[in-house]
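> Just a sequence and a predicted model for now, questions to come.
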Amino acid sequence: MIPSLKNKMAQPALAGLALFTFSLVAAAAAPSAAVPVKRLVVWDGEQANKGAGWANPKGATVGPQTVEAHSGKTAVEFKFKGSGEEWPGTGWNWCAFQTGDYGTDITGFKNFTFWMKTKGKIADVQLNLLCNGEKFDMPEHHTEKVSALTYCPQLLDGAWHQVSIPLADLKQPAGFDPLHVGELQIFNAGEGDGSFFIDDIAFEGLADNKHLSAAPTEMLVNGSFANGTNNWVISAESGATGQAEVVGEGPDGKPALRLKVLKVGDQPWRFQFYQTGMRVAKGKEYVLTFWAKANQEGDFTVNCQQNHEPWAHPTQEELPISTGWKQVQFTFVAAWDDDNVRITFTNLGTAPGRTYWFSGCSLVPASETKKTAALAPR
Ligand SMILES: [Ca+2]
């Protein structure tokens, strides 16, 4: 019998369920690059060490430990004891059960993979993936379960093994959101008394999906601010000071970067924020889209700038900002072939007390069409 796992988080009274949260360093599990990557580690206990879990039945535990690890010093241990009736199980959520726009976009990947070591009496290792919902654990969409033993028959021999499962085998039900996957569920389907050690949870391999390769490539990392201010630089200098915080005050409660000017410097641009490291091609058009508002009407400037000498920024635009959320688009044609440009939101340091909110930033190539106009420096 498979117990109903539906609404398990929404019903904390469910007998035997234990929820474990770990406020480890909220380090970035963010994708390491905007271009398609061949491997994305979502949890390894070291660089990507955010996470929280639940375990069932009563007495079972889950959490990071440092006795057994595949990488570094840390792996998750799920320790359980139970009869086959109970299907001892756990969920390890690498978004730490954050609600909203969290989770991993798995659409570009071919395989789900992790390292595992087992100890004690084990019956089977069934697993599936969960996506995040708009609210905490709702809707709870699971892929179909598979047995890890199908992919790694020697898994129960007590040594570390990599288990690699084609995502195509983890069949997604209607409504499953592959853009926000956040949890590995894993079950000992049968009688058991032992431990699963899990480390280096990752997605690997590029999906051979023509439809996806035609989609625009997001060039910003953490443009949504879902990972706080990771990948962004907030700069106040020459006397300018300010406060920066990521808050849930964006459109529809999404994360927003809130910047408050405390003191202005000698120039408005002394207070700015930016992201670096994008590659642009001369003559190619790019579209920056974001949401913005302020506590007073005014204007500010966005540009695409070289992130090195001579810091040229021929492509910039002064934009109005109002007290209500507005989605803003800044289209520019790259003036150079350059693999280290930055997108800067600047001229923010105009008056003490002025507060800005930015949310949902995205930068994509407009098309492959070469443009010849608008290349003249201003
Ligand atoms: Ca590790």
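Arrived safely, thanks for sending.

> bridging residues for whatever residue of the stretch 101-250 of the chain ends up closest to the ion?
Going by CB to the ion, the ion is nearest to residue 199 of the stretch 101-250 of the chain, at 4.4 Å. The way it works is simple: take the backbone N, C-alpha and C, and place the C-beta from them, glycine included. In this entry, residue 199 is beta-bridged to residue 115, by DSSP bridges.

> distance between stretch 340-350 and the chain's centre?
Centre-to-centre, stretch 340-350 and its host chain are 24 Å apart (CA atoms, centre = their mean, to the nearest Å).

> picking up where we left off before, neighbours of the residue of the stretch 101-250 of the chain closest to the ion, just the number please.
Residue 199: 26 surrounding residues under other CB atoms under 10 Å.

> how near is it to residue 48?
Per CB to CB, to the nearest Å, residue 199 is found 11 Å from residue 48.

> Which residues of this protein lie near the ion?
Residues of the chain lying close to the ion (CB under 5 Å from the ion) are 44-45, 69, 71-72, 74, 199.

> Inside strands: which ones of the residues you listed?
Using DSSP state E, the subset of the residues of the chain next to the ion located in strands is residue 199.

> Give the buried subset of the residues of the chain next to the ion as a ChimeraX selection command.
ChimeraX command restricting the residues of the chain next to the ion to the buried ones, with burial defined by 16 or more other CB atoms under 10 Å:
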select :44,45,69,74,199
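
> May I see the residues of the chain next to the ion arranged in a markdown table, with distance to residue 253 as well?
Output for those, formatted as a markdown table (distance: CB to CB, whole Å):
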| residue | distance to residue 253 |
| --- | --- |
| 44 | 30 |
| 45 | 31 |
| 69 | 37 |
| 71 | 35 |
| 72 | 35 |
| 74 | 33 |
| 199 | 34 |
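
> Export the residues of the chain next to the ion to TSV and append columns for pLDDT.
Formatted as TSV, the residues of the chain next to the ion follow (pLDDT from 0 to 100):
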residue	pLDDT
44	95
45	95
69	96
71	95
72	94
74	97
199	97
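
> Touching the host helix or strand of residue 329 from outside, list them.
Per DSSP states H and E: residue 329 is located in strand 326-333. Residues from elsewhere that reach strand 326-333, judged by CB atoms under 8 Å, 6 or more residues apart in numbering: 283-293, 302, 304, 315-317, 319, 360, 366, 371, 373-375.

> avg pLDDT for that strand?
Mean per-residue pLDDT for strand 326-333: 94.

> so how far is that strand from its chain's centroid?
The answer for strand 326-333 is 24 Å, by CA atoms, centre = their mean.

> so what strands line up beside it?
According to DSSP bridges, strand 326-333 forms sheet pairs with strand 284-294 (antiparallel).

> For residue 65, list each beta-bridge partner.
residue 75.

> from now on call the first residue 546
In the new numbering, first residue 546, that becomes residue 610.

> quick one: residue 747 and residue 587 touch, right?
Yes. The pair residue 747 / residue 587 is scored as a contact, 6.4 Å apart, by CB atoms under 8 Å.

> quick one: which of those two has more around it?
More crowded of residue 747 and residue 587, by other CB under 10 Å: residue 587, with 26 against 21.

> how about whichever strand or helix holds that one: buried residues?
Per DSSP H and E, residue 587 falls inside strand 584-588. Judged by neighbour count using 16+ other CB under 10 Å, the buried positions of strand 584-588 are 585-588.

> What pairs with the following helix or strand past it, parallel or antiparallel?
Past strand 584-588, further along toward the C-terminus, the next helix or strand under DSSP H and E is strand 596-601. As defined by DSSP bridges, the strand partners of strand 596-601 come to strand 563-567 (antiparallel), strand 634-638 (antiparallel).
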